[in-house]
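Novice: From the sequence below, what's the structure:
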Amino acid sequence: MSKLNFEEELNGPQLRAVTAIEGPVLIIAGAGSGKTRVITYRIAHMLETGIPQSAILALTFTNKAAREMESRVKELTGKKLQNLTVSTFHAFGVKILRGEIEALGYRKNFSIYDETDRNELVKESLRECRISTEGVDLYSLGQLFSNVKIGRYRWGDGADSAWEPVYDEYQQSLKIFNALDFDDLLGLPIKLFEEFPEVLEKYRRRYRYIMVDEFQDTSLIQYRLMKLLAGEATAERKHNVCVVGDDDQSIYSWRGASYENIALFEEDFPGTEEIKLEQNYRSTTTILEAANGVISNNTNRKEKTLWSGNTGGKPIELYHPQNESDEADFIAAQIKKIRFDEKLNYDDFGVLIRTNSQTAGIEEAFLAENIPYRVSGGTSFFQRKEIKDILSYLRVIANPDDDVNLLRILNTPRRGIGKNTIATLSEIAKKNHSSLWDALEKLRYLREHGQENLFHDPSMDNSAGELHSFITLIENFREEILGKRGLSQKVKGLVDTIDYWSYLVTEYSKNEKIARWKFGNIGYLIETIERWEKDPDNLDPTLYPYLNRISLITRDDGEDDANKGKVNLMTIHASKGLEFPVVFIAGAEDGIIPHARSLEEGDGNIEEERRLFYVAITRARDKLYVTSCLKRRRLQNTIDCLPSPFLAEIPNHLIEYHEPEKAEETEERAEDFFALMKEKFGG
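Specialist: Numbers count the residues shown, from 1 in each chain. Predicted structure coming up:
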C-alpha cells in the first residue's frame, strides 16, 4: 500500500498516527474516531516500510479484537502474517511461559485453572489451614487473592491479614500441582523478566515495536509487563511504543483498570508524541455535543472535543414514565414505531441498562409486543435460576413427559431425592422406552402393590414417600391449572405450596438480601402473568398459550431472520465498542446512574459513572432516547426517583421532552400501514 492511499483514506491526525512509528506515541482516540482503522493501517505501514513481522507485538483485550485486527492487516497487506504477534495480554503471557517457565521451577506442561478450579483450591487451602469453609464466600476470597497477586492490595493494607496463611497455602498448592491461575499469566512473566535479565533481553531484542490497544483499560500489572518489554531507551534503541486509548472511556476500574496509566506513560516515556483523534465518524453533532457537555465535567481527563461532519441531527428525547412498566412499554412502542416509519431492522436498536436488575420489565414488554431480542452483559430475566425453576414447574404441569424440566424440579426445593434414586428412575425409563414421569408412575404403582423392592435399591425405599408426594403435587396442580383462568393466582399458590421462599432462605443463609431479591423476581413474574391475563386482546389467558409465548421469544436457537435480527438489550459495559442507529438509555435515575454504590465510594467513582454515561451516549449514531422513571420498584417497595444528575449536564437546547403520541397520530400510522400492505399485495 502506498502513502498516496493512506492520504486518501485517512484524515490528518489519523495519518500522523499511522506514520509516527519511531519513538513513544500516545494516541488519544475519541469514541467513533476510527481507532481500529488507525491501528491496522499502522501495522500495515510498518510492514510496508520493511519492519519484519516478528519485531511487532500488538496487545489488546479480547480474542475477538485480536482476530479482527489480524484479519484487517491481512486484508490490507495480502500477507500471511505467520510471524506477527497480535494477542491478548494473557495469551501473550502464556506464550512466554510455555517457552520459559522451567526457569521458575515449573514444568512446561502446566495447567491453567479457571474460576471453578480456583475456588475448589481455595476451599482445599482453607481446610489445610483448619478453617471451616462454612459461611466463607469462595468467590470473594478468590477475588481478594487475585487483588493481592496483581498488586491492587497488600496484606494489612486493603487485604485482611487473617487470610494471608490461606493465600500462602493456595500458592504452594498451585506450585505442587504445576498449575497457574489467570493472574499468574501476567505475574509470572514479570517475575521471570525481573529474575532472569537474559530472558527479558531476548524478548526485548525480538519485539522492537510494541502497540497496546484500549490502553485506558490496562491494569497496573499489564502496564508493568509492557514497560519491562520496552526497556530503557538508548542511543541504539528507541522506545518504539505506541499506546492507543481514550481516558473518557475508562469504565473498568472494578477489575483493575487504571486510566492513570496514560499519565504514567507520559512520565515513563519522555518525549512522547501525543496525537488526538477527535473527528467522530459515528454520531450526529447533536449526540456529540451532548456527550461533550457531560464528559467536560470530569476533571481527571485529557482535554478533547469530539466533532462530526454529520452536522445537525435529531434532538435527544427525554421521557419521564411513571414507573419501570411504563418505561418498558414506551421503549417497545417506540421501537415498533421507528422500525415501521424508518424501515429499520430490529438489530438497529440498542437498549442500554446500568444494572442487570433492569432487564425484567423491558423483556416483558418485548414479549408482549413480539419483539425479538438478545441480552448481553447480563442474564436474561427468563434465564435466572429462580424464574427457570418456576417455569419448569409450569412446563411439567403442562407436559409431565418433559424430562429436562422434570429433572430440574424433582429436587428443587430439596426433597431428599438423591442421585441414586434419579439414576434408578432413568434406568427404568430407558428400559421401558418411556419418560421419567412414566417411570415415576410405575414406581408408585409398584409401591401401592408392595413391589417396590423389585428394584433392589435401598435408596428407593428412602425416597419413595417424597416421590409419591411430588407426583401428587403435579397432578393436583394439573387439575387446578390446565385450561382454567386465574393463572397468576394459581402460580402464586404453587410458589407458596412448594415453599420456595424457605428454599431461598436456606440456599442463601448468609445473605438474606439475595434471597429477598430472587423472591421479588418471582413476584414480578407473577405480576407479568397477571398483566397478560388482563390484556383485553388476550382471548385465551391459560397455561399453554402463556408457555408458548415464553418459548417463542426466549428460544436460544441462534437463528435470526436475516431482515429482522434482534434488539440488543445490554448493560452499558457490554455496549462499549458497539454502535446502533437508535439507542435507548433506560433508568437514567439517581442511584442507578450514577449507581448508589459509587456515591458511597467517593468522587473518583462518580467520574467513572460519568464516563459510563458518556459511553452510553456515544453508542448512538442518529437518535438517542433517555428514560428516567418517577417511581421504581426496589425489592418489595416502590420508591420515588430523582433524575440522574448527568441529565442536567446535557445542554438544554439539545433535549426535547417526549410527549405520548396522540390517538389521531396512531390512527394515521395505522392507515399508512394498511395502505402499504394493500399496495404490497395488490389489494
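
Novice: next helix or strand past the one helix or strand Ile190 maps to?
Specialist: Assigned by DSSP states H and E, Ile190 belongs to helix 184-195. Where DSSP H and E defines the elements, the next helix or strand beyond helix 184-195 is helix 197-206.

Novice: What are the contacting residues of that next one?
Specialist: For helix 197-206, the external contacting residues (Cβ atoms under 8 Å, 6 or more residues apart in numbering) are 54-55, 96, 100, 103, 192-194, 228-231. Placement of C-beta: from N, CA and C, glycine included.

Novice: re the thing from before, what residues of the helix holding Ile190 count as buried?
Specialist: 184-190, 192-193 (16 or more other Cβ atoms under 10 Å).

Novice: which one of those is nearest Asn420?
Specialist: Asp184 (39.5 Å; Cβ to Cβ).

Novice: quick one: low-confidence ranges for this protein?
Specialist: Along the chain, segments meeting pLDDT under 70 span 1-4, 235-236, 447, 449-462, 552-564, 601-604, 635, 660-683.

Novice: what about stretch 286-297, distance to the chain center?
Specialist: 25 Å (Cα atoms, centre = their mean, to the nearest Å).

Novice: I should have written stretch 200-211 there, sorry.
Specialist: That offset, for stretch 200-211, works out to 34 Å (Cα atoms, centre = their mean).

Novice: Kindly export it (C-alpha atoms) in PDB.
Specialist: What follows is stretch 200-211, C-alpha atoms only, in PDB (Å, rounded to 0.1, in the frame of the first residue of the first chain):
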ATOM      1  CA  LEU A 200      14.000 -10.300  29.300                       C
ATOM      2  CA  GLU A 201      16.700  -9.200  26.900                       C
ATOM      3  CA  LYS A 202      15.800 -12.000  24.400                       C
ATOM      4  CA  TYR A 203      12.200 -10.700  24.200                       C
ATOM      5  CA  ARG A 204      13.300  -7.100  24.100                       C
ATOM      6  CA  ARG A 205      15.600  -7.800  21.100                       C
ATOM      7  CA  ARG A 206      12.700  -9.500  19.300                       C
ATOM      8  CA  TYR A 207       9.800  -7.100  20.000                       C
ATOM      9  CA  ARG A 208      11.200  -3.800  18.900                       C
ATOM     10  CA  TYR A 209       7.800  -2.300  18.100                       C
ATOM     11  CA  ILE A 210       5.100  -2.500  20.700                       C
ATOM     12  CA  MET A 211       1.400  -1.400  20.300                       C
END
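
Novice: Buried residues of it, list them for me.
Specialist: So, applying 16+ other Cβ under 10 Å, buried residues of stretch 200-211: 200, 203-204, 207-211.

Novice: Repeat that for stretch 530-542.
Specialist: 530, 532-533, 541-542.

Novice: go on, stretch 570-585?
Specialist: 570-577, 579-585.

Novice: Kindly report the same for stretch 93-110.
Specialist: So, applying 16+ other Cβ under 10 Å, buried residues of stretch 93-110: 93-94, 96-97, 100-101, 106, 110.

Novice: who's in contact with the spatially most central residue of the chain?
Specialist: A centroid search over the chain (Cα atoms, centre = their mean) returns Gly377, at 1.8 Å, as the residue closest to the centre. Taking Cβ under 8 Å, 6+ apart, we find Gly377 in contact with 570-571, 573-575.

Novice: Could you check how far the nearest residue to it once chain neighbours are set aside is from Gly378?
Specialist: Computed as Cβ to Cβ, 6 or more residues apart in numbering, the closest residue to Gly377 that is not its neighbour in sequence is Ala574, at 2.5 Å. According to Cβ to Cβ, to the nearest Å, Ala574 stands 7 Å off from Gly378.

Novice: Would you confirm that the residue nearest to Gly377 belongs to a strand?
Specialist: No. Using DSSP: H, G, I helix; E, B strand; the rest coil, the assignment for Ala574 is helix, not a strand.

Novice: List the residues that contact it.
Specialist: So Ala574 contacts 376-378 (Cβ under 8 Å, 6+ apart).

Novice: ranges for the helices of the stretch 351-500 of the chain?
Specialist: 359-368, 385-398, 403-409, 419-432, 436-448, 458-481, 487-497, 500-507 (DSSP state H, counting those that start in this stretch).

Novice: Tell me the helices and strands packed up against the longest strand along the chain.
Specialist: Counting by DSSP state E, the longest strand found in the chain is strand 620-627. Packed against strand 620-627 by the contact rule (3 or more Cβ pairs under 8 Å, 6 or more residues apart in numbering; DSSP states H and E) you find helix 285-295, strand 316-319, helix 324-342, strand 580-585.

Novice: at 7 Å what do you get?
Specialist: Helices and strands touching strand 620-627, by 3 or more Cβ pairs under 7 Å, 6 or more residues apart in numbering; DSSP states H and E, are strand 316-319, helix 324-342, strand 580-585.
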